[in-house]
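# could you work out the structure for the sequence below:
(one chain, ligands or ions: 1)
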Amino acid sequence: MNSKKNLCFIIITCFISCFYNNSENNRPNIIIIMADDLGYGDLSIYNNKTIQTPNIDILGKNGLLLTDFHSNGTVCSPTRAALLTGKYQHRVGVKGVITAKNHRHIGLPLEEKTFAETAKEVGYKTAIFGKWHLGYDPKFNPIEQGFDEYIGFVSGNVDYHSHVDQEGFEDWWSQGKLKKESGYSTDLINQHAINFIERNKNESFLLYIAHEAPHYPIQGRASPADREIGSKKFIAHGSEKNKPKIYKEMVEVMDDGIGKIINTISKLNLDKKTIVFFFSDNGGTKLGNNGKLRAYKGSVYEGGHRVSALVWSPELIEAGRISNETIMTMDIYPTVSDLIGAIPPEDIDGLSFKNHLLKGEKIRERSLFWEFNSNLAMRKNQWKMVIGRKNKIPELYNLQDDLGETSDIAEERPELIKEMLKEMESWKKHVDF
Ligand SMILES: [Ca+2]
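Numbering: from 1, shown residues only. Model prediction:
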């Protein structure tokens, strides 16, 4: 190679290398925070007057607040399966709760490609701290599904202090092994998240923070441990008498920890290259607040699956926007992939809303579906159809002026019902339900 060619080669190599490094440095960090059983009206930014969540509120005020965000499931495991895979949960075999009692052999199939596996393909460091609920057996552990690091519990809920599950099993893991760690689970989850961010400040990372709060047992920092290993003699929902007071504390402690996580990001100057998603895994329980929505967790009425949600990124997302676009948990995977330059599997059901986040573009029209315990629901624009498993008679609500699903207008719109039923039948075939 002569000197002129050599110089040319060096310049081109340098250019490619600089460009590549630059694009790598500009890739955003992703933090996904999921609350457990948090109701649509449980945050002060969603008008709760009792519970104060100043830190989450700041994220919403300085980011994008979503008013029409829905969990895929109306209970824990199905939503988590949809979040991890970008597919309707039925398609990955998790249409119900993976309970501690009978389903120790069931889990999210390992052949399913998770968003963590996709992120790793483009060089991201990945971690999950908190609740997994996608399989008890260590063979289903998050470290087998693309997460570099995992500390937390694999069941649906643990004692916040003794970390014993609902069946009396010890349930606090570090990677694929049980580990004794003392502390209030919400605090531990937040601390591990902060520690991960500090250790990976020079990397691109994807961090999934799966909070237990405010799922039962209703326990605060100062509450006694109720559960012991090997014993089933405890009140599943906790022994505290004043549950509303403790519930408020549980949400506020989670909020406090999220504030510390955001402070850590800012302190490390990562705020301009980090995107934080916050949402709940299903609607609130009777102890929580679902605002005007009908019913609670477990229902296919709005109270079971319309949840509080927001996205914050000071550099990338304009502050103070409120979005009324209809978005589902399964949309997170393709959106995150889009944001980090990764490619999700072709056969997913979710839709990237990156351009809605960054540019305010509308999301293309589509119909969405829910199913739990053979109760069915479908959303098409402002229309919501609900079919109860007992009478199987379709109900129709216009959510635009009846968010509380109080007036069934199915009789007024027979053609629309017919069209929606047809779509639902083809969805049922698609998800093999
Ligand atoms: Ca839940």
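# now the helices: where do they sit in the chain?
3-25, 54-61, 76-85, 115-121, 185-199, 243-267, 302-305, 332-340, 354-359, 414-430 (DSSP state H).
# quick check: residue 207 vs the ion, distance?
Applying CB to the ion, to the nearest Å, the value for residue 207 to the ion is 20 Å. The C-beta positions use only the backbone N, C-alpha and C, and glycine is treated the same way.
# indicate the residue of this structure located nearest to the ion.
Closest approach between the chain and the ion, counting by CB to the ion: residue 76, at 3.7 Å.
# return the residues in contact with that residue.
By CB atoms under 8 Å, 6 or more residues apart in numbering, the contact set of residue 76 is 36-37, 97, 131, 133, 156, 215, 281-282.
# for residue 55, same thing?
Going by CB under 8 Å, 6+ apart, residue 55 touches 255-256, 258-259, 262.
# nearest residue to it other than its sequence neighbours?
Closest residue to residue 55 apart from its sequence neighbours, by CB to CB, 6 or more residues apart in numbering: residue 259 at 3.3 Å.
# run a quick neighbour tally on the one you found.
Residues lying near residue 259 (other CB atoms under 10 Å) number 17.
# so it touches residue 57, yeah?
No: Residue 259 is beyond contact range of residue 57, at 10.2 Å (criterion: CB atoms under 8 Å).
# low-confidence stretches in this structure?
Segments of the chain classed as low confidence (criterion: pLDDT under 70) are 1-25, 102-103.
# quickly list the domain ranges of it.
Using automatic domain parsing, the domain ranges for the chain come out as 28-364, 371-430.
# any idea which of those domains is most buried?
Comparing those by mean neighbour count (mean count of other CB atoms under 10 Å), domain 28-364 comes out on top with a mean of 21.
# how about residue 413, nearest residue that isn't a chain neighbour?
Nearest to residue 413 is residue 396, by CB to CB, 6+ apart, at 5.8 Å.
# only alpha carbons, please: show stretch 52-72 as PDB.
Output in PDB follows, covering the C-alpha atoms of stretch 52-72 (Å, rounded to 0.1, in the frame of the first residue of the first chain):
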ATOM      1  CA  GLN A  52     -48.400  11.500  47.400                       C
ATOM      2  CA  THR A  53     -46.000  10.400  44.600                       C
ATOM      3  CA  PRO A  54     -44.000  13.600  43.900                       C
ATOM      4  CA  ASN A  55     -41.100  11.800  42.100                       C
ATOM      5  CA  ILE A  56     -43.300   9.800  39.700                       C
ATOM      6  CA  ASP A  57     -45.300  13.000  39.200                       C
ATOM      7  CA  ILE A  58     -42.200  14.900  38.100                       C
ATOM      8  CA  LEU A  59     -41.400  12.300  35.500                       C
ATOM      9  CA  GLY A  60     -45.000  12.600  34.200                       C
ATOM     10  CA  LYS A  61     -45.000  16.400  34.200                       C
ATOM     11  CA  ASN A  62     -41.600  16.500  32.500                       C
ATOM     12  CA  GLY A  63     -42.400  13.700  30.100                       C
ATOM     13  CA  LEU A  64     -45.300  12.100  28.400                       C
ATOM     14  CA  LEU A  65     -48.300  11.100  30.500                       C
ATOM     15  CA  LEU A  66     -50.400   8.300  29.000                       C
ATOM     16  CA  THR A  67     -54.100   8.200  29.700                       C
ATOM     17  CA  ASP A  68     -55.100   5.200  27.500                       C
ATOM     18  CA  PHE A  69     -52.300   2.700  28.300                       C
ATOM     19  CA  HIS A  70     -53.400  -0.900  29.000                       C
ATOM     20  CA  SER A  71     -51.900  -3.900  30.500                       C
ATOM     21  CA  ASN A  72     -52.100  -7.000  28.300                       C
END
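# quick check, it touching the ion?
No: using CB under 5 Å from the ion, we find that stretch 52-72 stays clear of the ion, coming within 8.2 Å at best.
# show me what contacts residue 302?
So residue 302 contacts 40, 283, 290, 293-295, 384, 399, 403-405 (CB under 8 Å, 6+ apart).
# can we see that at 10 Å?
40, 68, 70, 283, 290-295, 377, 379, 384, 386, 397, 399, 403-405 (CB atoms under 10 Å, 6 or more residues apart in numbering).
# cool, residue 334 as well?
Counting by CB under 10 Å, 6+ apart, residue 334 has contacts 86, 115, 118, 342-345, 348-354.
# again, only using 8 Å
86, 344, 348, 350-352.
# kindly report the same for residue 106.
Neighbour list for residue 106: 93, 98, 135 [criterion: CB under 8 Å, 6+ apart].
# grab the nearest non-local neighbour of the second one.
Okay, so that is residue 98. Setting aside the residues directly before and after it, residue 98 is nearest to residue 77 in space (CB to CB, 6+ apart), at 4.6 Å.
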